[in-house]
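Asks: return atomic coordinates for the entry below.
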Amino acid sequence: MNPAIVTYPGADGPGIVAALQHGDWNGSVWRPAEVDVSIRPGWFYHPAEDARVRTAENLVNLYLSSVGRNGKLLLNVPPTRDGLIHSTDVARLTEFRERLTTMFAQDLAVDAKTTWTVSTPRSGMLDIELNAPARISTVRLEEDITRGQRVMTYFLEAEELFSRGTTIGYAKIDRFPAVTTRRLRLYIETVDVPQRPIVRLYS
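Replies: Numbering: from 1, shown residues only. Modelled structure (predicted):
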C-alpha cells in the first residue's frame, strides 16, 4: 500500500477502495486484509437463528476464500444471554476444525526433491518430484512476507496447467479437481528479485 493514500486501516475517502482492491506495486507498507464475518446471520445471539448457523462445509469454504486468499479470518461466535456458546455453534465449529485437520493432515511435498531456478531477474521456477505418484487436490503456497507481497503471477502444472493466480502472500490455498502425478512445476513472476516460495501439497 501507499500510506499517503491509505493513511490508516479502516480509512475512507477518494481512491481508497481502488487502492485496497488492487494494491500498489511501489507501495512501502504491506497491510493484510481482515475478513470479518459471523457464524450466524447477525453479530448477536438470537434463538430464532439457531437453525441458521453456518454449516461446516460453509465454514471450510469461508476459510479457503479468506485465509486461503491471504486474509485474516475474524469469525464472530456470539454468546447466549447466559454467556455461553450455543451447542449448535459448538458442534459446527468442532466439525469445521475436524475437516480442516483432515484436509491438511499430510503434506505430500515434505520429502519431495525440489530444484529452484531463477529464470530471469523477475521470475523463478520450482520443480518438485515426489517419492511416488500421488493424488493432489489442494495446494498451499507461501512467500516471504517480511518483504511484503512480491509475486505477481503464478502457474502450477503437472502434465497440464491445473492452478494459477496473481498473488500469494502469507497463504494462497487452491483447490481443484484431483490430479495424480509425481512431478510438478511452479512458475512465479515477481516485482523484483524472485525468492523461493513454499509449496505444500495435499490430497
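Asks: drop to CA atoms for contacts and neighbour counts, all remaining ones
Replies: Fine.
Asks: list the buried residues of stretch 189-199.
Replies: 189-190, 194-197, 199 (16 or more other Cα atoms under 10 Å).
Asks: grab the nearest non-local neighbour of the residue nearest to the spatial centre of the chain.
Replies: With distances taken as Cα atoms, centre = their mean, the residue of the chain nearest its centroid is residue 68 (1.7 Å). Among residues not flanking residue 68 along the chain, residue 173 sits closest, at 4.4 Å (Cα to Cα, 6 or more residues apart in numbering).
Asks: report the secondary structure state of the residue of the chain most remote from its centre.
Replies: Distance from the C-alpha centroid of the chain, by Cα atoms, centre = their mean, peaks at residue 82 (35.3 Å). Using DSSP: H, G, I helix; E, B strand; the rest coil, the structure places residue 82 in coil.
Asks: just residue 127 next, same as before
Replies: strand.
Asks: dump the residue contacts of it.
Replies: 114-116, 183-186 (Cα atoms under 8 Å, 6 or more residues apart in numbering).
Asks: give me the beta-bridge partners of the residue nearest to it when sequence neighbours are not counted?
Replies: Sequence neighbours aside, residue 185 is the residue nearest to residue 127 in space, at 4.5 Å (criterion: Cα to Cα, 6+ apart). Residue 185 forms beta bridges with residue 127, residue 157, as assigned by DSSP bridges.
Asks: give me the distance between residue 185 and residue 25.
Replies: Using Cα to Cα, to the nearest Å, residue 185 is found at 26 Å from residue 25.
Asks: compare those two (neighbour count), which wins?
Replies: Taking other Cα atoms under 10 Å, residue 185 and residue 25 do not tie; residue 185 has more neighbours (19 against 13).
Asks: which stretches of the protein form strands?
Replies: 33-38, 71-76, 113-120, 123-142, 151-157, 161-165, 172-190, 198-202 (DSSP state E).
Asks: mean confidence for the fifth one?
Replies: Okay, so that is strand 151-157. The average pLDDT for strand 151-157 rounds to 94.
Asks: quick one: list the elements packing against it.
Replies: Contact here means 3 or more Cα pairs under 8 Å, 6 or more residues apart in numbering; DSSP states H and E; on that basis strand 151-157 packs against strand 161-165, strand 172-190.
Asks: any idea how far it is from the chain center?
Replies: In terms of Cα atoms, centre = their mean, to the nearest Å, the centre of strand 151-157 is found 14 Å from the chain centre.
Asks: contact partners of that strand?
Replies: Outside strand 151-157, the residues that touch it by Cα under 8 Å, 6+ apart are 143, 161-169, 184-191, 194.
Asks: export only the CA atoms of that strand, formatted as CSV.
Replies: Taking Å, rounded to 0.1, in the frame of the first residue of the first chain, the C-alpha atoms of strand 151-157 are listed here in CSV:
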residue,chain,number,x,y,z
VAL,A,151,4.6,-12.4,-6.5
MET,A,152,2.5,-11.0,-9.4
THR,A,153,1.6,-14.2,-11.2
TYR,A,154,2.0,-18.0,-10.6
PHE,A,155,1.2,-21.2,-12.5
LEU,A,156,1.3,-24.7,-11.1
GLU,A,157,1.3,-27.6,-13.6
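Asks: circling back: thought the residue nearest to residue 68 was touching residue 141?
Replies: Yes. Counting by Cα atoms under 8 Å, residue 173 does reach residue 141; the two are 6.5 Å apart.
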